[in-house]
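1. turn this into a structure:
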Amino acid sequence: MKIDQTAYQSLAITLKCLAPAHAERWLYLLAHDAKRWQKISPFDAWPNTGVTQQWPATGLAVLIQRLLASSLARQEVAVLDTYYGQCYRAQLNEMLSVCPLPNRPGAYRVEAALLEGFISIIPGHLAFLCNHEEGQALWGWEQLEQHCALQDVKRTLR
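-> Numbering: from 1, shown residues only. This next block holds a predicted model:
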């Protein structure tokens, strides 16, 4: 499978920051046959900080909802689907959505068009991780304030 080079470059930056201990090996695997990509596990890079939740991710859903309400909603992001062996670019609002939970007023969940893998939203600064056990994480959230173009997004979340 031919890898989209722009998506690859974005993911390379993100993986080096997100999981420096694994990045070299993962990028080697990514440069080879897509069958090997299942060895790239988001769980190995699960952040200790940032926003992480198991399903239903109500708090995460609120953050994603605000993020999608910002100018980033239609931004093209890099996607690495390790489960199906795909690497491509898509709009953020096509990859992530927020849905109300039935019979639970005020509760929401994040639905990602990704079973397992990474979405590099801002290379090296902000990424969304999914694992096949329905775990979800927004990595790098605490760095948003330092990223000038997104200070308005951070303010809307308060």
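2. alpha carbons only for contacts and neighbour counts from here, please
-> Will do.
3. for Gln136, which non-adjacent residue is closest in space?
-> The spatially closest residue to Gln136, leaving aside those adjacent along the chain, is Cys130, at 4.7 Å (C-alpha to C-alpha, 6 or more residues apart in numbering).
4. the one you found reaches Pro42, doesn't it?
-> Yes. Using C-alpha atoms under 8 Å, Cys130 is in contact with Pro42, at 6.7 Å.
5. give the residues shared as contacts by those two.
-> Shared contacts of Cys130 and Pro42 (C-alpha atoms under 8 Å, 6 or more residues apart in numbering): 116-118.
6. could I get those as CSV with pLDDT?
-> Formatted as CSV, the shared contacts of Cys130 and Pro42 follow (pLDDT from 0 to 100):
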residue, pLDDT
Glu116, 92
Gly117, 93
Phe118, 93
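7. export those residues as TSV, with columns for neighbour count, secondary structure and distance to Leu80.
-> Output for the shared contacts of Cys130 and Pro42, formatted as TSV (neighbours: other C-alpha atoms under 10 Å; DSSP: H, G, I helix; E, B strand; the rest coil; distance: C-alpha to C-alpha, whole Å):
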residue	neighbour count	secondary structure	distance to Leu80
Glu116	26	coil	8
Gly117	27	strand	5
Phe118	26	strand	5
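8. outside of stretch 76-83, which residues touch it?
-> Against stretch 76-83 from outside (C-alpha under 8 Å, 6+ apart): 6-8, 10-11, 37-41, 86-92, 114-122.
9. let's see which of the residues you listed end up in strands.
-> 86-91, 117-122 (DSSP state E).
10. ok now stretch 87-104, how far from the chain's centre?
-> 11 Å (C-alpha atoms, centre = their mean, to the nearest Å).
11. residue ranges with poor pLDDT in this structure?
-> In the prediction, the chain carries residues with pLDDT under 70 at positions 1-2, 48-58, 141-158.
12. for it, which segments count as helices?
-> 5-18, 20-30, 58-68, 92-95, 151-156 (DSSP state H).
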